[in-house]
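1. Prediction below, plus the sequence it came from.
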Amino acid sequence: MKVLILEVDTDELIKGLIREGNKTEMPSIKEEWYFNFNKHIQSKGKRAFVLVKEETPKVIEGCMIFSLHETFGPYMDYLEVAPHNKGRSGKYKKISGSLIAYACGLSFDTGNVEDRGILTFQAYSQDEVSTRRLESFYRKKYGAIMNPLGLMEIHQDRSRQLIEEYLNDKTE
């Protein structure tokens, strides 16, 4: 799926692509990523997706693992932007939003009647304070809410808004 990401230095929208990733290209801790995507993709039922720029399709700008959880339905297992895109000094923005919106779309496509369009996930970070900060960010930026079990969810209406905002490439 084609997306647009924002190059911070030039404030220019750059063409990107979200595609299914394969085990051999998944980033790992050795490459300074927080999550070991190459390990987590090996679990049954997990699908990895990468966001790359069209002009550099081998450079992963962000990565996400999606599955259908037996209890929670559509589930975003892991999400991370590339180390060079993290924080205020990050090179590109709109990476997380694009991958979350894509996962929301997968939720509509793969969820059953009661959970279609609902994306469930858990915020992970280095420590509890950072995790709470990340949860707050997901609430403000993406409209996530905390469910009674302590997991985050994005519901149908907000899922549709994120899909519209991040996945509709207005250049074509």
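-> Nice, thanks for sending it over.
2. ok, which stretches of the chain are strands?
-> Listed in chain order, the strands of the chain (DSSP state E) span 2-7, 12-20, 47-53, 56-69, 73-81, 92-93, 119-121, 145-146, 152-154.
3. between these, which gets nearest to Tyr34?
-> For Tyr34, the closest of the strands of the chain is strand 73-81, at 5.7 Å, according to C-beta to C-beta. For every residue, glycine as well, the C-beta is placed using N, CA and C.
4. What is that closest one packed up against?
-> Strand 73-81 is packed against helix 37-40, strand 56-69, helix 95-110, strand 119-121, with contacts defined by 3 or more C-beta pairs under 8 Å, 6 or more residues apart in numbering; DSSP states H and E.
5. Can you give the strand pairings for it, parallel or anti for each?
-> The strands beside strand 73-81 in its sheet (DSSP bridges) come out as strand 56-69 (antiparallel), strand 119-121 (parallel).
6. where does this protein have low pLDDT?
-> Per-residue confidence for the chain (pLDDT under 70) gives these ranges: 169-172.
7. 80 - rerun?
-> Along the chain, the parts satisfying pLDDT under 80 run over 28-31, 38, 40, 42-43, 168-172.
8. Tell me how many other residues crowd Ile29.
-> Neighbours of Ile29 under the rule other C-beta atoms under 10 Å: 12.
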